[in-house]
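everything below, folded, please.
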Amino acid sequence: MHVCDIFLGLGEPAVGDLMRSISLGKLKTFQLFERLKTRLHVAKLNTETLRKVGPRVWERLSGNDEEFATELSQAILVSHMDMIVAVLNFLQIPHEEGFFAKDIDGAKYLTEGWQQRTFENFRGKYPDALLLFYLNHLGVELLKEGQLFAPAA
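From the prediction side, this is the model:
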């Protein structure tokens, strides 16, 4: 599964929610502001722009623009480092302020049912779309999972 698949699996309304959750300040801190502005093909990047570009973003994701999806996911994730740190701590994955070693053995920490347990623990503390996006992203990144996680009812 690729990052595009995660976005597409969550659906267009969730992608819109994720776009609106991007923090312009965090983009500047992580030096992603200009890069995202360029990738979104906008002259001005602000909260209004992030709200309005949703349909164009969805179109590009639907076209499987994986490079774009990866950069968009970075913008979303750096905007929510507090959630990432909380989830990694909950899963007892060693990290440095939300960043973990690329060669980490994910299977050691992400045991059977980890996504459902984590979702239930953090539901209500963070928006569902954001939490589902990160859990799926983490599964792809650490376990190379090929199936989209959807919580049990």
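
for the biggest helix by length in the chain, packing partners?
Of all segments of type helix in the chain, defined using DSSP state H, the longest is helix 66-78. Contact analysis of helix 66-78 by 3 or more CB pairs under 8 Å, 6 or more residues apart in numbering; DSSP states H and E lists helix 3-10, helix 24-29, helix 33-39, helix 54-62, helix 128-138 as its packing neighbours. Where you see a C-beta, it was placed from the backbone N, CA and C, and this is true even at glycine.

buried ones in that helix?
Phe68, Ala69, Glu71, Leu72, Ser73, Gln74, Ala75, Ile76, Leu77, Val78 (16 or more other CB atoms under 10 Å).

can you tell me which residues contact Glu12?
Glu12 makes contact with Gly54, Pro55, Trp58, according to CB atoms under 8 Å, 6 or more residues apart in numbering.

now the second one. Nearest residue, chain neighbours left out?
Looking back up the chat, that one is Pro55. Glu12 (8.0 Å; CB to CB, 6 or more residues apart in numbering).

and the pLDDT for the residue of the chain most remote from its centre?
Each residue of the chain has a distance to the centre, and by CA atoms, centre = their mean the biggest one is for Ala43: 24.2 Å. Looking at Ala43, its pLDDT stands at 94.

repeat for Glu145
Looking at Glu145, its pLDDT reads 75.

and the closest residue to Phe100 other than its chain neighbours, how many neighbours?
Closest residue to Phe100 apart from its sequence neighbours, by CB to CB, 6+ apart: Ile93 at 5.8 Å. Per other CB atoms under 10 Å, the neighbour tally for Ile93 reads 17.

what are the buried residues along stretch 84-99?
Neighbour-count burial for stretch 84-99, counted by 16+ other CB under 10 Å, picks out Ile84, Ala86, Val87, Leu88, Leu91, Ile93, Gly98.

domain map for the protein?
Domain assignment for the chain, taken from automatic domain parsing, gives 3-78, 81-142.

can I get these in a markdown table with distance to Ala152?
Converted to a markdown table, the domains of the chain look like this (distance: least, CB to CB, whole Å):
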| stretch | distance to Ala152 |
| --- | --- |
| domain 3-78 | 16 |
| domain 81-142 | 6 |
